[in-house]
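Asks: sharing a model prediction with you, sequence too.
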Amino acid sequence: QVQLVESGGGLVQAGGSLRLSCAASGRTFSTYAMAWFRQAPGKERDFVANIAWSGGSTYYADSVKGRFTISRDDAKNTVYLQMNSLKPEDTAVYYCAARRVTWGATAPIVVSGYDYWGQGTQVTVSS
């Protein structure tokens with residue numbers, strides 16, 4: 001079992017930056033693929049970024065590529081999402097997700113690909 005707790009959300013002006021953190025419980029954190037999704041009001045939960053086991057590879061949604069960076073610190077059981085050049089359309093609740101994978105497996109990019117979810121953290125970007 002893995003429990004995920006997000007933090008770092010808030011209100012920021014367009015063009016600003018935020019760093020989200022997701023702290024995970026469990027002693028095998030390094031064997032989990034991790035991802036960030038987001039959900040705006042009235043919309044579906046969308047993929048933002050993922051990072052494979054041991055940070056071997058990352059993948060981003062086109063809408064955030066070049067602006068957001070996902071990273072992980074397995075010693076701290078934490079995954080991060082650095083968000084730069086924020087836009088009003090980035091406003092959403094951001095969720096951290098985890099899935100236990102085998103070495104070399106591709107990290108999923110769909111909601112159904114993840115077994116564990118955090119409670120979400122609100123990010124609001126004002127224009």
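Replies: All right, it came through fine. Residues are numbered from 1 along each chain as shown.

Asks: mind telling me what element the closest residue to T69 other than its chain neighbours is part of?
Replies: Closest residue to T69 apart from its sequence neighbours, by CB to CB, 6 or more residues apart in numbering: Q82 at 4.4 Å. Yep, even glycine has a C-beta here, placed from its N, CA and C like the rest. Using DSSP states H and E, Q82 sits in strand 78-83.

Asks: low-confidence regions, this protein specifically.
Replies: 54-56 (pLDDT under 70).

Asks: for the most centrally placed residue in it, give me its contacts.
Replies: Taking CA atoms, centre = their mean, the centroid of the chain lies closest to W36, which sits 2.1 Å from it. Going by CB atoms under 8 Å, 6 or more residues apart in numbering, W36 touches L20, C22, V48, A49, N50, I70, V79, L81, Y94, Y95, C96, A97.

Asks: number of residues surrounding the last one?
Replies: Counted by other CB atoms under 10 Å, the residues lying close to A97 total 26.

Asks: so what's the residue count around the nearest residue to S30 once chain neighbours are set aside?
Replies: Leaving out its chain neighbours, the residue that sits closest to S30 by CB to CB, 6+ apart is D74, at 4.2 Å. For D74, the count of nearby residues is 16 (other CB under 10 Å).

Asks: what about S21, which helix or strand?
Replies: Using DSSP H and E, S21 sits in strand 18-24.

Asks: neighbouring strands for that strand, and are they parallel or not?
Replies: Within its sheet, strand 18-24 is paired with strand 4-7 (antiparallel), strand 78-83 (antiparallel), according to DSSP bridges.

Asks: which elements pack onto the helix or strand that the longest one is followed by?
Replies: What it means is strand 78-83. Counting by DSSP H and E, the element after strand 78-83 in chain order, helix or strand, is strand 92-100. The contact analysis (3 or more CB pairs under 8 Å, 6 or more residues apart in numbering; DSSP states H and E) places strand 92-100 against strand 4-7, strand 18-24, strand 32-39, strand 116-117, strand 121-126.
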